[in-house]
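Asker: Just a sequence and a predicted model for now, questions to come.
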Amino acid sequence: MADFGGECRVVVAVPACREWPFTTQWRTTAVGRFAKQALRIAERLEHGAGVDAVFYGRTAGGDEKAVRTRLEAAGRDEWLRDWTFLPDSAVDLSKEPGRGAGLRQHFGAGLERWSVPPLSGVRGVFEATAERPGCTLVLFWLDDGPAEQFNDVLFFLRRHATPGVFWQFFTVVQHARTDRFWKRDGRHRGADLPDVRFRSTWRARPVVRDFRRWARQSPGTSA
């Protein structure tokens with residue numbers, strides 16, 4: 001992966017709904033692997049910048065919520081312990097005390113088994129980018145959901161477009177209806193909104209390649 005010039009940063013969004021991305025029988029989880037990759041990308045964009053991470057889901061009372069945290073190289077292991085493991089999970093055979101403290105505080109001891117609308121996460125990311133405008137790569141993890149949820153996302157982004165922000169939506173597990181929505185009329189490659197992309201699977205290299213290409217063609221950005 002080539003170095004980047006200019007000030008750029010990374011914001012990630014993760015759905016805190018289904019259990020499997022936060023559970024493991026070993027040392028890490030799917031969310032943990034993704035977070036470490038995002039941190040490596042951020043270091044290449046701007047050394048020491050870290051990552052803004054938004055977790056979106058529902059509280060124990062059923063309210064939609066987005067929580068913003070900071071992931072930095074110096075505190076990486078502690079952050080991973082707090083935010084990438086499901087608290088009190090029977091699947092976590094390590095039984096390490098204190099894991100999942102951040103998730104427990106904001107979303108309760110157990111996560112839902114169903115998807116959560118992504119709009120709360122989009123709003124959380126938008127707030128993060130509005131506070132510090134500039135060249136930004138958004139890595140947004142989507143769960144499966146009906147087309148209405150994704151239409152809400154596109155409607156919000158049309159109304160609140162922020163210059164210099166590249167939105168890369170993706171899924172880790174392929175979902176047929178999610179793929180159909182995003183690949184209709186070329187939405188996945190920016191035909192609808194030039195600053196928005198979608199990929200059916202998460203792979204760091206092609207995402208960064210697309211971001212670099214977009215940044216070169218976008219006024220006021222440098223990557």
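Answerer: Received, thanks. Residues are numbered from 1 along each chain as shown.

Asker: Helix or strand with the lowest mean pLDDT in this protein?
Answerer: helix 101-107 (a mean of 85; mean pLDDT, DSSP states H and E).

Asker: Got the phi and psi for Val51?
Answerer: Dihedral pair for Val51: phi -130, psi 130, per degrees, to the nearest 10.

Asker: Just read off the phi/psi values of the closest residue to it other than its chain neighbours.
Answerer: Of all residues not flanking Val51 in the chain, Leu71 sits nearest, at 4.3 Å (CB to CB, 6 or more residues apart in numbering). All C-beta spots, glycine's among them, are computed from the backbone N, C-alpha and C. As for Leu71, its main-chain torsions (degrees, to the nearest 10) stand at phi -110, psi 120.

Asker: Report pLDDT for Leu71.
Answerer: We have a pLDDT of 97 for Leu71.

Asker: again, but for Asp152
Answerer: On pLDDT, Asp152 comes in at 96.

Asker: Show me where the chain dips below the pLDDT cut-off.
Answerer: The chain contains residues with pLDDT under 70 at 1-6, 25-27, 87-98, 109-114, 219-223.

Asker: Mind jotting down where the helices sit in it?
Answerer: Assigned by DSSP state H, the helices in the chain fall at 30-45, 76-83, 101-107, 119-131, 147-159, 176-183, 204-217.

Asker: Summarise which helices and strands the least confident helix or strand of the chain is packed against.
Answerer: If contacts are counted by 3 or more CB pairs under 8 Å, 6 or more residues apart in numbering; DSSP states H and E, helix 101-107 sits against strand 8-16, strand 51-58, strand 64-71, helix 76-83.

Asker: at 6 Å what do you get?
Answerer: Applying 3 or more CB pairs under 6 Å, 6 or more residues apart in numbering; DSSP states H and E, we find helix 101-107 packed against helix 76-83.

Asker: picking up where we left off before, mind checking which of the helices of the chain is nearest Arg58?
Answerer: Closest to Arg58 of the helices of the chain, according to CB to CB: helix 101-107, at 7.2 Å.

Asker: Please spell out which residues along the closest one are buried.
Answerer: For helix 101-107, the neighbour count (16 or more other CB atoms under 10 Å) marks 102-104, 106-107 as buried.

Asker: Same question for stretch 33-40.
Answerer: For stretch 33-40, using 16+ other CB under 10 Å, the buried residues are 33-35, 37-39.

Asker: got the contact list for that stretch?
Answerer: Applying CB atoms under 6 Å, 6 or more residues apart in numbering, the external contacts of stretch 33-40 come out as 10, 12, 51, 71, 139, 204.
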